[in-house]
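**Q** from the sequence below, what's the structure:
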Amino acid sequence: MNNLLNIIIDADSVEDLRHILEISEFVEFVLEDMLEKDLLWVLRRQVGKSLFYFMNCINKMSYVNAPVHDLLIRIKNAYMARKTTVDWVVFSKFKVNVLDLLKEYGFVKGYEVKEIDGKKFISIELKKVVDPVNDIPSVKFFSKPSRPWYVGYKDLKAVAWGKWLGIISTNQGLLPVHVAKERKLWGELIAEIY
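**A** Residues are numbered from 1 along each chain as shown. I've put the predicted structure just below:
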């Protein structure tokens, strides 16, 4: 244990620390050991924020029960904190489809899929918050992993007359609620964003 801490403290550059990270089971050691926070603090102090965020991301990669809920809440929290990006979102095609809708309706500026060591991540670029009342989105969830919320097309109501976004998963993919109503499609109502 002390030898590993000494190796980390004696590292002179980011490259040295990357070599340390390549040592077998180092990441598992960091995740499982009780001194995990102390090691991350040493890493952050030694090389700055970039490697610390990478290790912190590995630390947070536990199983997320509701990945779309996590995505939408992370975007909302980033807006509330006046951030312009959301990084290290674990990739899934479903999340990309949700982001396509969010981009189309102006809730996010854009996103980029990045691949690091064979794992894909999404980096989301947010709009700048000028007016907090209008620029910070509110999210209302309907479906949960424990209770899906299915609705017929007759029960669908456009969110603020199509100005804001309701997301529904249909047999034709993810659609805004008002489009699903026009096409007379039913499905799982995921969330409303306004």
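**Q** so which helix or strand of this structure has the lowest pLDDT on average?
**A** Sorting the helices and strands of the chain by mean pLDDT, DSSP states H and E puts helix 26-32 at the bottom, at a mean of 47.
**Q** so which residues of this protein form strands?
**A** 85-90, 110-116, 119-125, 139-141, 150-151, 165-170, 173-176, 187-193 (DSSP state E).
**Q** how far away is the closest residue to T85 other than its chain neighbours from V177?
**A** Ranked by Cβ to Cβ, 6 or more residues apart in numbering and with sequence neighbours excluded, the top spatial neighbour of T85 is E125, at 5.7 Å. Any C-beta I mention is one placed from the backbone N, CA and C, and that applies to glycine too. Per Cβ to Cβ, to the nearest Å, E125 is found 25 Å from V177.
**Q** those two: who's more crowded?
**A** Comparing E125 with V177 by other Cβ atoms under 10 Å, the one with more neighbours is V177, at 24 against 13.
**Q** and the residue nearest to that one when sequence neighbours are not counted, how far is that from I73?
**A** Sequence neighbours aside, G166 is the residue nearest to V177 in space, at 3.2 Å (criterion: Cβ to Cβ, 6+ apart). The spacing between G166 and I73, counted by Cβ to Cβ, is 17 Å.
**Q** looking at the two, which one has more neighbours?
**A** More neighbours surround G166 than the other of G166 and I73, with 27 against 13 (other Cβ under 10 Å).
**Q** how confident was the prediction at I58?
**A** I58 is assigned 50 on the pLDDT scale.
**Q** now S62
**A** 45.
**Q** for Y150, same thing?
**A** 96.
**Q** what number of residues lie near the nearest residue to it once chain neighbours are set aside?
**A** Using Cβ to Cβ, 6+ apart and skipping the chain neighbours, the partner closest in space to Y150 is E188 (5.5 Å). E188: 15 surrounding residues under other Cβ under 10 Å.
**Q** separation between E188 and N171?
**A** To N171, E188 is 11 Å away according to Cβ to Cβ.
**Q** distance check, M80 against D135.
**A** 10 Å.
**Q** what does Y111 give?
**A** Distance from Y111 to D135, by Cβ to Cβ: 18 Å.
**Q** hang on, the earlier thing: just checking, the residue nearest to Y150 touches I167?
**A** No. Under the criterion of Cβ atoms under 8 Å, E188 makes no contact with I167, lying 9.5 Å away.
**Q** return the list of helices and strands in contact with the helix with the most length in the chain.
**A** In the chain, taking DSSP state H as the definition, the longest helix is helix 67-80. On a contact count with 3 or more Cβ pairs under 8 Å, 6 or more residues apart in numbering; DSSP states H and E, helix 67-80 meets strand 85-90, helix 93-104, strand 139-141, strand 187-193.
**Q** thanks a lot, see you next time.
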